[in-house]
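> What follows is a protein structure lacking sequence information:
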């Protein structure tokens, strides 16, 4: 009968599928991993792009950082040291960098790394047709003509980055840039092979065989949405320093609980803890490690006309009232988190004898000064002849990181300002869009620098900056930041930026910095040499090793 | 001829359904604020314009709609992902669907076997403690979401024995992952509970229905043994409606596996669609929605046609 035949077919297809279960390579146990020198980790997702010039997210940056090497790399301590370049010279005016490539720098297929590989990558980055999200970083680094090329006003070949010969790469800048060497360790400046992009076209870097790097590891497996594996590359010039034989993400777990359970049952060696898992781990008395994130969280203030916090007194009341210690320790409560009074995170360098920006420009006041805040609110009320502060809204996103502080601030600020405060919690993308459209009074937002310099944070508040969602505008601030851009003396420059930040945060209360997030994690107790880094490759397993004692 | 016309009419309806689904999906994804390139940080205007132009997002929305519909219905091509650069949506479905399908087939097969057994027992001992217990299970299975069981099973079956009772994690049931037969167990069982509930209830009510029919009475009067009565006389008649819901049940289980797939880290279509929604990855949302929708429509269509062949009365009323 036809009906029976159909059902039989359906079932045999079904069970056929079940039995022919594609044999995914099965992972090693922890003991086997230690013996083989391999480390297993989890990432919640696929890297969106393994094309270094297109990289725009942390997961891709981590994998690419192990697979590729820029002219400069950052060592275990975050210091910039020569990578694919053996050494470099800077001209007296600080505007010309000449990089000399290592003679023994090789691609994973054995071909030598040449200056034209870098020239190709740099030109690809600024090509408007290519559409790299981080293309503007070439203009931030002030590479000659980069800005004009990005706007389509000059041809790509005018870029001030050229191969002098096969092993000499020269970069001309329009102004001296202190952080230029550290910028060269950023993945969009990694070399790219023209022949591979030719060969694979649109599929370049979309699968394992088209990813050929020049770094300490090579990509040996990439099963989309499932697993990735990189293995030590013998072609790497410094292969003897690399102790780990392989790094693998055996699966891509989005669920924090699943990743935690996988760690407990020995499936991975490193796991980041979300808030719930942190509480469980604390209860179970596990050895919890932590680090500070590279971002700063703040309350963005909407300075547009008609918005409540256009009033400076109320802004200062807000700045003074916030209880940063309570927010950081009690409400968020993740070890490694720190309170923040400024917009520049505490690890930013001052480019002078190992000094940090924050040490040179200290910024703080009495935290949770409610008396003074109430005083300011009172004076605002009498000035405007009102009996009560009008209600206002705090915009936040629906992730735990976004929700928790906003809900806390909602109740806290409604008590201080004695008015109705609403929390507008929306999905992440809507949050971004509402900020852009200026549809908020206050917004909770985390901001990370794009490059390793305090300028990356401060310049966001320039009147014309497209990321200045609150429309903060101050002529003196703008002129100080612009002065700093061309200042050749590092001490003077740090001072200028410090003055600008002082106006932004303390004098005008243009933004209210609150918190530098912390992150907690568990790691196998016999795994050593893992490095967490602010900006760049994170986590960095290049120098990790098993302590086999 | 009547049959042919009936089939043609159903086919046209099926295509219209998929077309409506595609249209709704297209416009609903576009209504949500932001597009695949919206990020917290503003991408410079020139770069944004270049990106939009490259992916055709700079064109008028109706033009985009026309192009995509043409691609889908004439070339069966859903385009490339906006998120994983260079990956075709067709490839994504080809690679991830078999995983979801295998898990779905396993869960439905397991659920059907258990459910039918439980249903028969419940029907035979109607209103007894066993029956009440089975019905309680059904209510729980239908009322509680499958992912709740996923979390519970993962923690109490896979994690606790390893962390509290020193079971060897390499031989015990794995907490997460995919690849060996052991990986089917926990997600498969938690997904099968909903199936068990549905099948048990159906089997029970079908069995109870036929228990009072004349031919069963006749068989009993003839002195047929209980086992023979159940298997040959009752179950055979009760089984047809169950077979017809298996298809839709399979599709439902596969689509509903979204969160379970995430909990157990299973690389199926569930995590693909979840990622796509979070990232406004238009083409992937469209591809997976149309694929799963078409799959469901096809299975219902096949069931209807088979019904039409078996029972001509349905053709007339359709």
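Good, I have the coordinates. All of these numbers come straight from a predicted model, not from anything done at the bench.
> The helix or strand harbouring residue B:272: how far from the chain's middle?
For residue B:272, the host element (DSSP states H and E) is helix B:269-278. Centroid displacement of helix B:269-278 relative to its chain, using C-alpha atoms, centre = their mean, to the nearest Å, is 15 Å.
> Please identify the buried residues of the following helix or strand past that helix?
On the C-terminal side of helix B:269-278, the closest following helix or strand by DSSP H and E is helix B:282-310. Neighbour counts using 16 or more other C-beta atoms under 10 Å in any protein chain shown place B:282-297, B:299-301, B:303-309 of helix B:282-310 among the buried residues. Bear in mind the C-beta positions are built from the backbone N, C-alpha and C, glycine included.
> Against which helices or strands is helix B:282-310 packed?
Here helix B:282-310 is seen to pack against helix A:2-19, helix B:2-31, helix B:61-75, helix B:89-124, helix B:236-256, helix B:269-278, helix B:312-317 when contacts are counted using 3 or more C-beta pairs under 8 Å, 6 or more residues apart in numbering or on different chains; DSSP states H and E.
> Give me the neighbour count for the closest residue to chain A within chain B.
Ranked by C-beta to the nearest C-beta, the top residue of chain B for proximity to chain A is residue B:86, at 3.1 Å. Neighbours of residue B:86 under the rule other C-beta atoms under 10 Å in any protein chain shown: 20.
> so what's it up against?
A:51, A:202, A:203, A:204, A:205, A:206, B:80 (C-beta atoms under 8 Å, 6 or more residues apart in numbering or on different chains).
> Chain neighbours aside, what residue packs nearest to residue 67?
You didn't say which chain, so I picked chain A. Using C-beta to C-beta, 6 or more residues apart in numbering or on different chains and skipping residues adjacent in sequence, the residue nearest residue A:67 is residue A:213, 3.8 Å away.
> switch to chain B, that's the one I care about
Closest to residue B:67 by C-beta to C-beta, 6+ apart is residue B:56, at 6.8 Å.
> So the one you found lies in a helix, does it not?
No. Secondary structure of residue B:56 (DSSP: H, G, I helix; E, B strand; the rest coil): coil, not part of a helix.
> That one - how many residues pack around it?
Using other C-beta under 10 Å, residue B:56 has 12 other residues around it.
> cool, residue B:68 as well?
For residue B:68, the neighbour count with other C-beta under 10 Å is 21.
> Next one: it, what pLDDT does it get?
At residue B:68, the pLDDT value in this model is 84.
> How about residue B:302?
Note for residue B:302: predicted pLDDT of 83.
> Next: the one 3 residues further on.
As predicted, residue B:305 sits at a pLDDT of 76.
> ditto for the one 5 residues further on
Reading off the confidence values, residue B:310 has pLDDT 67.
> likewise residue B:317?
Model confidence at residue B:317 (pLDDT) stands at 52.
> looking at it, residue A:407 is touching residue A:422, isn't it?
No. Applying C-beta atoms under 8 Å, one finds residue A:407 not in contact with residue A:422, separated by 11.0 Å.
> Grab the nearest non-local neighbour of the closest residue to chain B within the stretch 101-250 of chain A.
The stretch 101-250 of chain A approaches chain B most closely through residue A:206 (3.1 Å), counting by C-beta to the nearest C-beta. Excluding the flanking residues, the one nearest residue A:206 by C-beta to C-beta, 6+ apart is residue B:86, at 3.1 Å.
> Against residue A:122, how distant is the residue of chain B closest to chain A?
Going from residue B:86 to residue A:122 by C-beta to C-beta, to the nearest Å gives 21 Å.
> for chain B, what are the nearby residues on the stretch 151-300 of chain A?
By the rule C-beta under 8 Å from any C-beta of the partner chain, the part of the stretch 151-300 of chain A lying against chain B is A:151-152, A:202-206, A:223-226, A:250-255, A:257-259, A:261-262, A:264-267.
> now the strands for the stretch 351-500 of chain A?
A:392-397, A:421-426, A:442-447 (DSSP state E, counting those that start in this stretch).
> what angle do the second one and strand A:392-397 make?
Right, strand A:421-426. Strand A:421-426 and strand A:392-397 meet at an angle of 30 degrees, taking axes from the mean of the first three to the mean of the last three C-alpha atoms, to 10 degrees as the criterion.
> any idea of the angle strand A:421-426 forms with strand A:442-447?
Using the same axes, to 10 degrees: strand A:421-426 against strand A:442-447 is 50 degrees.
> Quickly run through the sheet partners of strand A:421-426, with directions.
When pairing is defined by DSSP bridges, strand A:421-426 lines up against strand A:392-397 (parallel).
> The strand it pairs with - what's its average pLDDT?
94.
> do you know which of the strands of the stretch 351-500 of chain A lies nearest residue A:39?
Residue A:39 lies closest to strand A:442-447 among the strands of the stretch 351-500 of chain A, at 28.5 Å (C-beta to C-beta).
> follow-up on the earlier one: so the residue nearest to residue A:206 belongs to a helix, correct?
No. Assigned with three-state DSSP, residue B:86 falls outside any helix and is coil.
> other SSEs contacting the strand or helix carrying residue A:162?
Element membership for residue A:162 (DSSP H and E) is strand A:161-165. Counting by 3+ C-beta pairs under 8 Å, 6+ apart, the packing neighbours recorded for strand A:161-165 are helix A:115-126, strand A:168-172.
> Near chain A, which residues of the stretch 151-300 of chain B? Just list them.
Residues of the stretch 151-300 of chain B lying near chain A (C-beta under 8 Å from any C-beta): B:151, B:154-155, B:158-159, B:162-163, B:169-170, B:172, B:174-181, B:243, B:247, B:250, B:262-265, B:267, B:271-272, B:274-275, B:278, B:280.
> What ranges in the chain fall below the confidence cut-off?
Since no chain was named, I'll use chain A. Within chain A, the ranges that satisfy pLDDT under 70 run A:1-26, A:549.
> please go with chain B instead
Looking at chain B by pLDDT under 70, you get B:1, B:39-42, B:308, B:310-318.
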